[in-house]
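# have a look; sequence and predicted model below, questions after that.
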Amino acid sequence: MKKAMESFPLWVARPKEPSPGTLAVGWVCSAVPEEILIAAGVVPQRLYGYEARGEESEAVLPTTFCAYAHGVLQAALRGEFVSLAAVILVNSCDAMRRLADVWERHVTAPPVYRMDFPFRFSSAAEDYWVGVLKKLLAFLEDLTKRRVTDRDLRKAIALMNETRRRVWALDQWRAKSTCGMSGKVYAQWLVKAFVEDKATFLAQTESVLQHRDTTCGRAGKGGLISLPAGKTLLSEEEASLRVFPSVLGAGSGTINNSHDELESECPKGPRVVLGGCAAELQHLADIMETKCGAHVVADTLCTGTRHFDTLVPETEDPLRAIAWRYLHRAPCARRIDGSDFVDHIRRRVAQTQADGVVFATLKFCDMVRWRLHGLAEAMAQENIPFLHVERDGSAASWGQMETRVQAFVEVIGKRRCAGKSAKDA
Amino acid sequence: MRNPERFIMPLVTRGLLTVEKLKTSMRGSALDALHCETLRLLARCYSRKKPVVLTGFFFPVELLHGHGMTPMFAEFIASAMASTGLEKNALGMVDAEGFPADSCAFHRAALAAFLKGYLPPPDAVAATTHLCDSQSKALEELAVRFGVPLIVLDVPQEDTPEARTYLVRQLEEADGFCASISRRRLDRKDWDRIFSVSNQARELMLRVNDVRASAPAGVCGKEVSTALIQAQLMFGLPQLPRLLKALSDEILRLSAESRTGASMFRLVWLLTFPYFKGNFVPSMERELGLWPVLDELTYVYWDPLDPERPYESLAAKILKNPGLGPVDRRVKMVEHMVRAANPDGVVHFSHWGCRQGLGGVRAVAEFLERLGVPFLELDGDCIDSRSYAEGPTRTRLEGFVELLKRRTEKLRAPGVVHDGLYAGIDIGSMTAKAVVVDGQGRVLAHTISYTGASARRAAESLSRFLEELSDRYGTVRRCVATGYGRRVVDFADEQVTEITCHARGMWHLFPDVRTIIDIGGQDTKAIAVGETGNVENFIMNDKCAAGTGRFLELMARALEMDIEELSAMGARASRAVPISSVCSVFAESEVVSHIAEGQPVESICRGICESVAERTAALLKKVGRRPVIAMTGGVAKNAGVVKALERRLKGRISIAPDPQIIGALGAALIARDGA
């Protein structure tokens, strides 16, 4: 089996064997509330980075399905996920739905749990969505043979919110024009939030941020300001700030030794917001920066920063609060209507003062492609340089993408210089 | 005038509509009456006497009719446009605007029709999030473009009480919105009226489906299906029940009068039909005798609607759609249709871009295999004529007919001796072959030449070859032609597809064979055969160069060697540099970059061979690979590919000694079988 895994890209995050006595549940779509999994005492394991095709997957899933669906299926068919107790597949798109069908028929273990997710965010949708989450809870309770209490949910919410705030802190650091962090390094840290348990992620990143604060200075433009002491509960209003606030800071704690691996390189290239759809962030960010000379200052991927957008309001009914957050956070291309999807990208460009947007998509992703036209128009209206590149998941298409992005970066780099010299003049 | 097209097109369309309506009303058949009624509704999209709502096919039109609005299916507009040949231009336009070219053409064409001004903008747009992703996105785009209100029903993927509640609330909301346009709320009387005619129509549609299911081949085909698909626009209108009753009576009458021809077959048709101008269905019905008697889009899946609980009824109707949720529901529907009609076979028309539909094909295929019903997956596009390939489509359909015929024919006792000589002619795109066998099936002579530019001339030269042979050895009693150019062989007694001929030829050489793989220069075929060499199932790939001989040619060129060298190196190499691209063009780039990286050429060659082997193995899996597996076609001579395939399949593959003449050999043997 190990040999079979060689065909997968190196940046795939392989599910770890859960420690004895714990169950791990795999998930694919960003709409799956990790809070609920954590509250139920299972380890959430995102199936992260599988972009590939194989003989087994091609035999049962049409070629005209994206490389993400194929990658996950190929791995499943080869037994990569047998250590998981279940895999949650959401009705994100036609491909995911059919993937669930094929999984049930051809993958012996683990079993699939199908979950629906609303396309809209009305109050009727929220009521329905709460019902769906109750069912998920019941499934997990059955799996773990233990009841989930409101207290469990609140603890999980607190943990996830803390994680989100930490990601925002790192994200802010990435976007800084001086003493910033490269998108590549950011991605390496971000992935930990997906594949490690959250407590580990928080511990590791805490010391890193502290180190950064010591070296680069706390005060100044864009510096982190901590929460007023004693304020722990967030109102729905604060939680609804999808604008990445500069108010919330990293947690405090003991100062650990600095991590050399996080010495910020502070790339000088044109500042780029990364959007689109991808199985994971690291490789993409790496190519953008190392091969194409950009500085990825923000990303809107659900396999990236957008997954951590918007806090869960710490209000009375924890389940409903969770439901609210997942319906109201910055949406992907699937949501009716598409204006929020476009707005989120625009906002990120404005907040980070980016020089342009690179929108990298996977072939056969209908959801995102139908939104592309509207997005391109919105970008043009605001004079934001915009590049769409599409790859099919093969090694060669990465190369094609590099060429295009490089050319784009050269153009926006010149634009930026021209702008600067115009200002100086 | 800035854009004359926008002005002229609606005028032209209205003119055409009027003419069509006259024609259909004069012809007087029930089918025509239904078609005429649909055209009347389409005409209303221009006259705008009532508010026009552009909807997806699964939107509950009863609601809109209740408010006196005119619904129009986006999919119908696409098919109407395609039937006139206008879709090419229109699709080109939306592609250029950046809309996804590999998404469903029904929705792209509908979008294009409005953007090009072939129709005036609707007053509102109503979409559902089922069955597929493209529908709601395309309709939302249209609503935004024209600044008209958009109703969206978010349809959950499972039929649960919570799902029904969610839909009920959305339907209430939609009703409220319609009320703001029609200025009246629907009351119990309205729902009574609307549901009463809708339920009547439902009953009658069930009846029509019953008579279709029992009708002999030749009575009901695509036209009946299309009329019933269009009829769903009118559920809630009072004229529909009468029209459906007339149709039911007409089918009964025609069934009583009909004389079924010897080789006519009844099919259940899945997904939907091609509607572009010049599509293959008329010739499929009339020439090949394949008649779709039942189809997926006209299956009645919902219960009668209850006017006391209108929203709940409509919600239940929506959620009972077999295409919703797990594919098991769809498979169940197929089962019902197959048991009702007892067809000779089932065809799934895999409309390119219909991801929700295509993703379910394997489940349907596996089910039908268990049931023992012949199944053909035909790929193509319902709307876009640009991608239609006549030859390959014909080959698949003819191959299917041959398969069906042989199931019904009595098997000839083996060992019967027929005197005389029998010839097989195989005119391929590159080479033309002839094989002559004697009464015992022994090969007497064979020849291969280049087809060149004219298949007809190649046929003539083979005819001369046969004449010379006849002079020396005796008359050639029967001749069967196969291959891409088989139709120009006038002197042949029968034309049989390469599928059946290759199967026959390989079975002759390897009586234990159960799966045949034929990788040619331009296409790949996987054929499953039974004990007597009869074709049970086949799959072809001829749209894509990957996995065919052409792929190997491309790669060999990139490596600056000839194919034999590539093959030998690939066979020798101890490891492979993998090629991940599904596309030949990308694969070539990959190869070039591997060379630049300094990877050993041998390993690259092996990677190329393994890429072909991987595609082949996937194809074999789809057709159901059972031992003994035998290989033919030009690539059978490629040791590198054969080795890679054997490694992958973990077993030996029998190789035809002379792969090029297998088709002609099979044809000759079939000629002998039929004597």
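Arrived safely.
# helix or strand with the lowest mean pLDDT in chain A?
Within chain A, no helix or strand scores below helix A:236-239, which has a mean of 44 by mean pLDDT, DSSP states H and E.
# averaged pLDDT, the helix or strand following that one. What do you get?
Moving toward the C-terminus from helix A:236-239, the next helix or strand (DSSP states H and E) is strand A:271-276. Averaging pLDDT along strand A:271-276 gives 95.
# strand A:271-276 close to chain B?
No: Strand A:271-276 is not in contact with chain B by CB under 8 Å from any CB of the partner chain; minimum separation 13.5 Å. For the C-beta atoms, the positions are set from N, CA and C on the backbone; glycine is no exception.
# partners of that strand in the sheet?
Counting by DSSP bridges, the strands paired with strand A:271-276 are strand A:295-299 (parallel), strand A:356-362 (parallel).
# just send the ones you listed back as CSV, with mean neighbour count and mean pLDDT too.
Below are the strands paired with strand A:271-276 laid out as CSV (neighbours: other CB atoms under 10 Å in any protein chain shown; pLDDT from 0 to 100):
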stretch, mean neighbour count, mean pLDDT
strand A:295-299, 28, 94
strand A:356-362, 23, 95
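# mind pulling the model confidence for the closest residue to A:Pro33 other than its chain neighbours?
Distances taken as CB to CB, 6 or more residues apart in numbering or on different chains put A:Ile322 closest to A:Pro33, at 5.1 Å, once the chain neighbours are dropped. pLDDT, A:Ile322: 97.
# which helix or strand contains A:Ile322?
helix A:318-328.
# what is the subsequent helix or strand relative to that helix?
According to DSSP H and E, the helix or strand after helix A:318-328 is helix A:339-352.
# quick check: which helices or strands does that next one pack against?
Judged by 3 or more CB pairs under 8 Å, 6 or more residues apart in numbering or on different chains; DSSP states H and E, helix A:339-352 is in contact with strand A:271-276, strand A:295-299, helix A:366-381.
# three-state assignment of the closest residue to B:Arg40 other than its chain neighbours?
Ranked by CB to CB, 6+ apart and with sequence neighbours excluded, the top spatial neighbour of B:Arg40 is B:Lys21, at 6.7 Å. Following DSSP: H, G, I helix; E, B strand; the rest coil, the label given to B:Lys21 is helix.
# please tell me how far B:Lys21 sits from chain A.
According to CB to the nearest CB, to the nearest Å, B:Lys21 stands 35 Å off from chain A.
# how close does B:Tyr166 get to chain A?
4 Å.
# so that residue is in which element?
helix B:161-182.
# by contact count, what packs against the very next helix or strand once past that helix?
Using DSSP H and E, the next helix or strand after helix B:161-182 towards the C-terminus is helix B:188-214. With contacts taken as 3+ CB pairs under 8 Å, 6+ apart, helix B:188-214 sits against helix B:61-66, helix B:222-231, helix B:239-257, strand B:290-295, helix B:310-319, helix B:327-341.
# contacts for the fourth one, please.
Looking back up the chat, that one is strand B:290-295. B:209, B:212-213, B:215, B:217-222, B:225, B:264-270, B:272-273, B:284-285, B:337, B:340-341, B:343, B:347, B:397, B:400-401 (CB atoms under 8 Å, 6 or more residues apart in numbering or on different chains).
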